[in-house]
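Chemist: predicted model and sequence below, questions to follow.
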Amino acid sequence: MKKCKNCGKEFEPTCNRQKHCCPECRTAYSWKRQKDRQKTEQSRRQKEKKKKRTSTLADQNKQARACGLSYGKYVAQKYAPVVREKNIHCSEKENIKTYGKG
């Protein structure tokens, strides 16, 4: 005798691998597991989002001004696909100013 994973009722399995007393219990248990997985995935994503936000808006604005950029341009540069020739970073701008390349 085995206990059904969904309802807890005891049943006689027809094969060794059977874990549920009937097909209805099997589908109900599968729906429960799927919803649980979705909840855990959502909570994991929310935790990751919280971890990513380490600097404040004011800090980012200070960094942008230090590079000689507006906040919008600074953030756009941060999230744009990196193209080395077109994307000039803060340290490279200083080099261009000092060596007269730009």
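Modeler: Thanks, I have the structure now. Bear in mind the structure is a predicted one, so any value in this text is a computation, not a measurement.

Chemist: C-alpha from now on. contacts and neighbour counts both.
Modeler: Will do.

Chemist: so the most centrally placed residue in the chain is in which element?
Modeler: Geometric centre of the chain, nearest residue: residue 45, 4.5 Å, by C-alpha atoms, centre = their mean. Residue 45 belongs to helix 23-52 when assigned by DSSP states H and E.

Chemist: quick revisit: so how far is residue 51 from the residue nearest to the centre of the chain?
Modeler: 10 Å (C-alpha to C-alpha, to the nearest Å).

Chemist: lowest average confidence, helix or strand, in the chain?
Modeler: The least trusted helix or strand in the chain, going by mean pLDDT, DSSP states H and E, turns out to be helix 90-99, with a mean of 49.

Chemist: next one, pLDDT for residue 12 please.
Modeler: As summarised for this prediction, residue 12 has a pLDDT of 94.

Chemist: how many neighbouring residues does it have?
Modeler: 13 (other C-alpha atoms under 10 Å).

Chemist: I'd say it and residue 2 touch.
Modeler: Yes - A contact is recorded between residue 12 and residue 2 when judged using C-alpha atoms under 8 Å, the distance being 6.4 Å.

Chemist: so where's this protein uncertain?
Modeler: Confidence mapping of the chain against pLDDT under 70 gives the ranges 52-54, 81-102.

Chemist: hmm, try it at 90
Modeler: Across the chain, residues meeting the criterion (pLDDT under 90) sit at 45-61, 63-64, 67, 69, 71-102.

Chemist: just checking, what packs against the next helix or strand along the chain from the helix holding residue 45?
Modeler: Toward the C-terminus, helix 23-52 is succeeded by helix 57-66 as the next helix or strand (DSSP H and E). Based on contacts counted as 3 or more C-alpha pairs under 8 Å, 6 or more residues apart in numbering; DSSP states H and E, the elements that helix 57-66 packs against are helix 71-79.

Chemist: repeat the analysis, applying 10 Å as the threshold.
Modeler: Packed against helix 57-66, as judged by 3 or more C-alpha pairs under 10 Å, 6 or more residues apart in numbering; DSSP states H and E, are the following elements: helix 71-79, helix 90-99.
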